[in-house]
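K.L.:
the following comprises the amino acid sequence and a computationally predicted model.
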Amino acid sequence: MSGAKRPKEYEKLIVKGKRCDGRKIDELRPLTIKVGVIKRANGSAYVELGKTKVYAAVYGPKELHPRRLVEDDKAVLSVKYSMLAFSVNDRARPGPNRRSTEISKVVKHALEPVIFLEEFPQLNIELIVDIIQADAGTRTAAVIAGSVALANAGIPMKGLVSACAAGKVDGEILLDLNAPEDNFGDSDLPIAMTSTDKKITLMQLDGVMTKAEIQKAIILIRKGNDYIISKQIEALKGVYQ
Amino acid sequence: MAKLSVKITKKDDKKSVVGTASKSKTVVSKKTEVVEANKAVTKNKLNVIVTVKENNNPVRIVKNVQTVKKTDTRREVEETVIVVPGDLLEDNLNVLAGLGTYRDGSKVYSKYTGLLKKRDHMITVIPLNGVYVPKKGDFVIGEIKSSNFSNWWVDIGTAFNAKLPVMAVPEFIERNADLSKFYKNGDLVFARVDSVTSDPVIPLFMKDRMCRKLYHGRVIDIIPTKVPRLIGREGTMIHLIKDSCKSVINVGQNGRVWVKGGDESLAERAIKMVEMFAYKSGLTDMVSDFLESELKNNKSKVSVSENTKS
């Protein structure tokens, strides 16, 4: 990661405590959440986190196909994450690949602990996440959008899930990395947390961080997640005003 | 026992009226026992008729309570509170966590995005969205999809198909009879859920007074969790729509509403309105105002068209 050669404009990513897009080191990108954007879905959400734009749609609980995947005592949450062809500068090849399969699985495991899956035995809850525009932090945006879409679909849940990344760039711990920081930084640490008991449901680390750095990052992420959860709740309630 | 409070709800229509009657001292003695209480609205006067037993003789007291104003007929509405999953509703071991909530230690949280209801010691959350999950004894509206030699297969809008066995319909069906003579594909039926098991097939039955085949009319799909709101407390909302539109309306618990006769399109608009504003308080009054104004408009339109004809 740190080995990538930086173009001239990104040679210094932090200048006088300000980042390349003008944020402070512990500041999130502007976040907007819209709910109920897809009419034919049971629940849906649209999340804009800076330049990252994500649609999430929930269908079901419905019958699960193929039938061999059916669980007799609980529902199966299936997540399909995909980056659309136009979501990055050079065309992304459509269809599942190694990266999207991984993120689908990771998002599924981030959301599963809060859903009362045992209320719908033998059924399937389908979550489809499409990335319209990718600018780092797509998996955290997918978790934010996914949990709001599930709550909008009337799926019984213990609470919401919010997600946020932190990373090390030029020796500083930054909250919510954007694309240049992600590409030319040293490490990236996305973390998802539940809204009720603040337990971690997703944690990945790309790059190298010391224990102290991770602890510092988690403190930043907790703060960021508190703000994201308030935005999620506001968006969910905003539909019924 | 000088005063007697009577709370009455008008049985046969839309607006419930609550009145208080005081018994006059001359009539009421200490041995008085209330037998019956009724109220009637005549010429905008609300009369409370109370039958009391005095010395074992029934005595009827008619008391004019008040002039009925429009505002008086409005039911008391609770302010609706919208909650989302994970909202802390109560931190108290003495409250009961009802439907739509879960308990973690002494804390009670919401499970759904929905409306919060607190009654006595019970906290419930009514979800604002969701799919239909069949329960035993539910009335549902289904569409016949296909049939084999002993069953009809019915689509009731659930994840799994429902079956209507030949034995479960009121008609007598001979051996090897052509089943499409009784219910053919595309027919609508108003049926009941027989049982729900771990089996993915949901058996229905129609040997019930209410169950029948539905002819003509139109079907409106609404979100199943909003069906209780459409029916209203003691059926107030659905009776209001039925009476105003003069339509026959059957509501299935699976979120399908069948409307026939009268002003179908007005009924459909009213039903859609209930669905859209299910989270609002004072919805019955809103719908009643809407229907009233629409009916007025329709009347004026009719009279205009009659004039132009003549």
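P.N.:
On my side now, so go ahead.

K.L.:
can the lengthiest helix in chain A be found next to chain B?
P.N.:
Secondary structure of chain A per DSSP state H: the longest helix is helix A:211-238. Yes. Using CB under 8 Å from any CB of the partner chain, helix A:211-238 reaches chain B at A:Q232, A:I233, A:L236, A:K237. C-beta: built from backbone N, CA, C; applies to glycine.

K.L.:
where's A:M203 relative to B:N250, distance?
P.N.:
52 Å (CB to CB, to the nearest Å).

K.L.:
which one's more surrounded, these two?
P.N.:
Shown here are A:M203 and B:N250; by other CB atoms under 10 Å in any protein chain shown, B:N250 has more neighbours (19 against 16).

K.L.:
that one contacts B:I271, correct?
P.N.:
No. The criterion here is CB atoms under 8 Å, and B:N250 misses it with B:I271 at 11.9 Å.

K.L.:
alongside chain B, which residues does chain A contribute?
P.N.:
So far as CB under 8 Å from any CB goes, chain A lies against chain B at A:42-43, A:60-63, A:72, A:114, A:116, A:120-123, A:151-160, A:194-196, A:232-233, A:236-237, A:240.

K.L.:
quick one, what contacts A:G159?
P.N.:
Listed by CB atoms under 8 Å, 6 or more residues apart in numbering or on different chains, the contact partners of A:G159 are A:V114, A:T194, A:S195, A:T196, A:D197, B:P85, B:G86, B:Y109.

K.L.:
phi, psi of B:D208?
P.N.:
Main-chain dihedrals, B:D208, degrees, to the nearest 10: phi -150, psi 150.

K.L.:
ok, B:I173 - how many residues close by?
P.N.:
14.

K.L.:
ok and the residue in chain A nearest chain B?
P.N.:
At 2.7 Å from chain B, A:G159 is the closest residue in chain A, using CB to the nearest CB.

K.L.:
can you confirm that residue is in a strand?
P.N.:
No. Assigned with DSSP: H, G, I helix; E, B strand; the rest coil, A:G159 falls outside any strand and is coil.

K.L.:
do you know the pLDDT at B:P58?
P.N.:
Note on B:P58: pLDDT of 63.

K.L.:
re earlier: give the residues shared as contacts by B:N250 and B:I271.
P.N.:
B:V257.

K.L.:
is the closest residue to chain A within the stretch 51-200 of chain B in a helix, a strand, or coil?
P.N.:
The minimum distance from the stretch 51-200 of chain B to chain A, using CB to the nearest CB, falls at B:G86 (2.7 Å). On the three-state scheme (three-state DSSP), B:G86 is labelled coil.

K.L.:
quick check: closest non-adjacent residue to it.
P.N.:
Counting by CB to CB, 6 or more residues apart in numbering or on different chains, B:G86 lies nearest to A:G159, which is 2.7 Å off, once chain neighbours are set aside.

K.L.:
contact partners for A:K24?
P.N.:
Contacts of A:K24 by CB under 8 Å, 6+ apart are A:G17, A:K18.

K.L.:
quick one, helices of chain A?
P.N.:
Ranges of helices in chain A, per DSSP H, are A:98-111, A:138-152, A:179-184, A:211-238.

K.L.:
touching the third one from outside, list them.
P.N.:
Contacts of helix A:179-184 from elsewhere in the structure, counted by CB under 8 Å, 6+ apart, are A:1-2, A:4, A:6, A:10, A:13, A:19-20, A:51, A:134-137, A:167, A:169, A:174, A:188.
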